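A.B. asks: model this:
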Amino acid sequence: MIHQTQTPPTSRNVATVDPTKGSSYSSGSLKTNLKTIPTELGSTSTTSENQMDNEKEKNHRHVTQECLPTIDTSDVLTPFKIYVYDLPSDFNTDIRRTMTDNSRFSFCYNLDYCGTGEELYQLGNDGLTSESQPKSIISVRNTNQFSLETIIHYKMLNSPYRTLDPDAADVFYIPAYSGLNCLQFNKDSKEFVDKLFNYLKTNQSQYFLSGKPHVLTLSKIQREQGSLNCPILLNPNTHNITFVGIEKEAHPYWSSSDQVKGRSLIVAPYPSYVHFLPNISDTTLYEFDAELTFLNTSKFNFDTPDLPERNVLLFLAAGIRRSNHFRAQLLDQFPIQLSKHYDKYSEELQNKGEPMPEQIMLITSECSEEHRSTTVPWMMKSKYCLQPPGDSPTRKSFYDAILSGCIPILFTNQYHVVYPFDKYINYDDFSYTIDQTLLANKTVLEIVKEIPHEKTETRHKNLRRLAKWFQYSLSNADINDSDDAFTFVLHEIAKNHKLY
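C.D. replies: Here you go, the predicted structure:
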């Protein structure tokens, strides 16, 4: 069970609940003072404030394949500034190109378009809805679950919090793709890490050894990046670094080990297939910047199908591998296991005059083309999405479910699992947790059928309001950061290091 922390709503405090109404955080508006912009990452661009105003609406949805920033945000007034080290390309972009272009990896990884991969399709042009607001676009993309290093790197490069002047920085970001390097199964993983810190201490010693906060992202789960095959957490230079990663180790054996114990790690969502292409006029996606005080007063409403449109009660997207006894027990509860697209299976049933089954399991494989195109449509038609643990307690499917409007079902765990931003977001508001001991006498379907309909309606409503915080928006041509997971990552960095 995840408990929310009540925090008095003071300046730049994120609290979840308005004591008078019931969710929170606050931020100051960004103030821009744009000027002629030289960037070290590409061409020189001259853009006046008036030109930016005229071009902003036209360009804000244009996401380039290389995703390079074109605007110097050094003079944009933000609560703190981040300097992104300009590392040699073999620490990041060369890895991105190899993973995307080399046939050994490209069947599974596409790290273009800010790390989110190419667009597969859009969920219509209805996008995100608010009755009186313009609409944004929901983009479903070929995003790999281990792409966080690339995504956070490009979010940093395109953020108004970035400065090109290291002397003006409050925080330093190290854009090294150590996890992706490990996924290439190179034998030089230790050499990669040693070279990285030798470079920082030799070429950037004035800043790396300054004592100012440093941040680095991990694409893989925490314990895997403290192994001999992927050893960045074994390096003594990492003890004072704040990490951003998809999973914080929960098992006592690993969490007490030298490579994990005492490490500062901000848990961020696994990259999902679903991303927003914000419309800059859609104020519901810019509430943090507009000083939203309480999360439950947000006007945002994720325009996914309503409950009556969801004719599958219980859905599971999973591979058939029986990695542990509990997972195997759950798989056996799904008599219908298929790999077809929802539309195709629905049509087959209609032709036979048969109703849609109450529960469905979609057989998935992370790198298969079918998985990319079938998972989200099935979740869009399901009320509850089962999220059993696999090799570790967390999984990407949890975030795919949230961003499809499907209520996640979790299970009690003997260890405390940390979910993203759970100091501010109460997961009980939009998910349902099953005590594993109940499964000795009941199936998951029987338990779900006992949930009162009004509770399901409330969870679904809360899920739609909070969904934006679990995705990584694509808005690299927009000077203002829209509300997404990166918004909270920056907030966590600031709170951890008392930057406001």
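A.B. asks: Isn't K212 up against Y173?
C.D. replies: No - K212 lies out of contact with Y173 (CB atoms under 8 Å); the separation is 11.3 Å. (Each C-beta comes from the backbone N, C-alpha and C, glycine too.)
A.B. asks: need the helices for the stretch 301-450 of the chain, in chain order.
C.D. replies: 325-331, 342-352, 369-380, 397-402, 444-449 (DSSP state H, counting those that start in this stretch).
A.B. asks: quick one: average confidence on the last one?
C.D. replies: Think helix 444-449. Averaged over helix 444-449, pLDDT sits at 98.
A.B. asks: which residues are contacting the helix or strand just after it?
C.D. replies: Downstream of helix 444-449, the next assigned helix or strand under DSSP states H and E is helix 453-466. By CB atoms under 8 Å, 6 or more residues apart in numbering, the surrounding residues in contact with helix 453-466 are 295-296, 298, 300-304, 307, 383-384, 402, 405, 407, 425, 429-432.
A.B. asks: does L499 really touch Y161, like I thought?
C.D. replies: No - applying CB under 8 Å as the test, L499 and Y161 come out as separate, 10.1 Å apart.
A.B. asks: where do the contact lists of those two overlap?
C.D. replies: Common neighbours of L499 and Y161 (CB under 8 Å, 6+ apart) are F80.
A.B. asks: out of the two, which sits in the busier spot?
C.D. replies: Taking neighbours as other CB atoms under 10 Å, L499 and Y161 compare with Y161 leading, 23 against 17.
A.B. asks: I'd assumed V84 was in contact with the more buried one.
C.D. replies: No - using CB under 8 Å, Y161 is not in contact with V84; the gap is 10.1 Å.
A.B. asks: on that earlier part again, of the contacts of helix 453-466, buried ones?
C.D. replies: Neighbour counting with 16 or more other CB atoms under 10 Å marks 295-296, 298, 300-304, 383-384, 402, 405, 407, 425, 429-432 as buried within those.
A.B. asks: In the stretch 251-400 of the chain, where is pLDDT below threshold?
C.D. replies: Along the stretch 251-400 of the chain, segments meeting pLDDT under 70 span 251-261.
A.B. asks: one more time with 50
C.D. replies: Scanning the stretch 251-400 of the chain for pLDDT under 50 picks out nothing.
A.B. asks: For the longest strand along the chain, what is the distance to the chain centroid?
C.D. replies: Longest strand in the chain, counting residues (DSSP state E): strand 312-318. For strand 312-318, the separation from the chain centroid amounts to 22 Å (computed by CA atoms, centre = their mean, to the nearest Å).
A.B. asks: List the neighbouring strands of it plus their orientation.
C.D. replies: Sheet pairing of strand 312-318 (DSSP bridges) gives strand 359-363 (parallel), strand 382-386 (parallel).
A.B. asks: Now render these as TSV, adding distance to E457.
C.D. replies: Compiled in TSV, the strands paired with strand 312-318 are given as follows (distance: least, CB to CB, whole Å):
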stretch	distance to E457
strand 359-363	20
strand 382-386	10
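A.B. asks: still on that earlier bit, mind checking which of K212 and Y173 has more residues around it?
C.D. replies: Neighbours per residue, other CB under 10 Å: of K212 and Y173, the larger number sits with Y173, 26 against 14.
A.B. asks: I'd like the next helix or strand past whichever strand or helix holds that one.
C.D. replies: According to DSSP H and E, Y173 maps onto strand 171-174. Beyond strand 171-174 on the C-terminal side, the first helix or strand identified by DSSP H and E is helix 178-183.
A.B. asks: Pull out the buried positions in the helix or strand following that following helix.
C.D. replies: Note on helix 178-183: by DSSP H and E, the next helix or strand toward the C-terminus is helix 189-203. The neighbour-count check on helix 189-203 (16+ other CB under 10 Å) flags S189, K190, F192, V193, L196, F197, Y199, L200 as buried.
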